[in-house]
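**Q** Okay, structure incoming, though there's no sequence with it:
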């Protein structure tokens, strides 16, 4: 072996389970597809149960400086300046896109278990989907681990003009102020408006969740060796077998159905 050969770098440092929840047709699947595949499809079948995706994103310094999450924390800002790009931490997001239809809700709730983060999605042009987010949040908090990181996402920004005009061009049904006030009341860390069609703020929404999960990791709030945890470190619990690690974060459809049949939470 050559004397200066470097050890191969890990593809990611942590893996975290995230769920996308909210009413049907709010664009949850489109957001996941946009993040994971970089595309938008005008024709998307209704999600039955759950669909999956994954994406590796940067967390911690120096990348987190762009999020301004700790803008007033001098220690974090110093770390961002002193961290070299090659030392950038990475997190693999295991994305669970859940069905929003009432028909599948009992199964959908089963997927909340073990999630460390959630995107709570509504359509900013349909007020009833915003009014439904409180119920989704209550379900999530009953089933998911305490302290789950939740970001509220107002999707379909491309359909809502920023100015009102007389011919009805503004399709916005929920204002940013309303959504942000709801977040404050419910203890939600962030509100982000997105367009899965144009891609606007889609990555930002997922990064907001990932970065806060990373902060919780740094604060020691997860047991990375606990199979029930929604967060794992690379090489923990299942050695360096990435497939096994991903499975340990996930809950399969069969497991969900069995849990339901066995008198689980749903």
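**A** Received, thanks. As the structure is a prediction and not an experimental result, all values here were calculated from the model. Residues are numbered from 1 along each chain as shown.

**Q** Provide a list of residue ranges in the stretch 1-150 of the chain with pLDDT below threshold.
**A** Applying pLDDT under 70 to the stretch 1-150 of the chain flags residues 1-9, 43-50, 70-82, 100-108.

**Q** can you give me the helices in it?
**A** Remark: helices assigned in the stretch 1-150 of the chain by DSSP state H, counting those that start in this stretch are 28-37, 74-82, 105-110, 127-131, 133-143.

**Q** Against which helices or strands is the first one packed?
**A** Contacting helix 28-37 under the criterion 3 or more CB pairs under 8 Å, 6 or more residues apart in numbering; DSSP states H and E are the following elements: strand 14-21, strand 50-59, strand 89-98, strand 117-123, strand 149-155, helix 202-218. For the C-beta atoms, the positions are set from N, CA and C on the backbone; glycine is no exception.

**Q** Repeat that for the shortest one.
**A** Under the contact definition 3+ CB pairs under 8 Å, 6+ apart, helix 127-131 sits against strand 117-123, helix 176-186.

**Q** I'd like the distance between residue 34 and residue 10.
**A** Look at residue 34 and residue 10: by CB to CB, to the nearest Å, they are 26 Å apart.

**Q** looking at it, residue 95 is touching residue 54, isn't it?
**A** Yes. Using CB atoms under 8 Å, residue 95 is in contact with residue 54, at 6.2 Å.

**Q** Settle it for me: which of the two has more neighbours?
**A** Ranked by neighbour count (other CB atoms under 10 Å), residue 95 and residue 54 place residue 95 first, with 25 against 15.

**Q** give the contact list for the closest residue to that one other than its chain neighbours.
**A** What sits nearest to residue 95 in space, not counting adjacent residues and going by CB to CB, 6 or more residues apart in numbering, is residue 53, at 4.3 Å. Going by CB atoms under 8 Å, 6 or more residues apart in numbering, residue 53 touches 32, 33, 35, 36, 37, 95, 97.

**Q** any chance of the helices and strands packed on helix 28-37 in JSON lines, plus distance to residue 83?
**A** Shown next, in JSON lines, are those (distance: least, CB to CB, whole Å):
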{"stretch": "strand 14-21", "distance to residue 83": "16"}
{"stretch": "strand 50-59", "distance to residue 83": "11"}
{"stretch": "strand 89-98", "distance to residue 83": "9"}
{"stretch": "strand 117-123", "distance to residue 83": "23"}
{"stretch": "strand 149-155", "distance to residue 83": "22"}
{"stretch": "helix 202-218", "distance to residue 83": "13"}
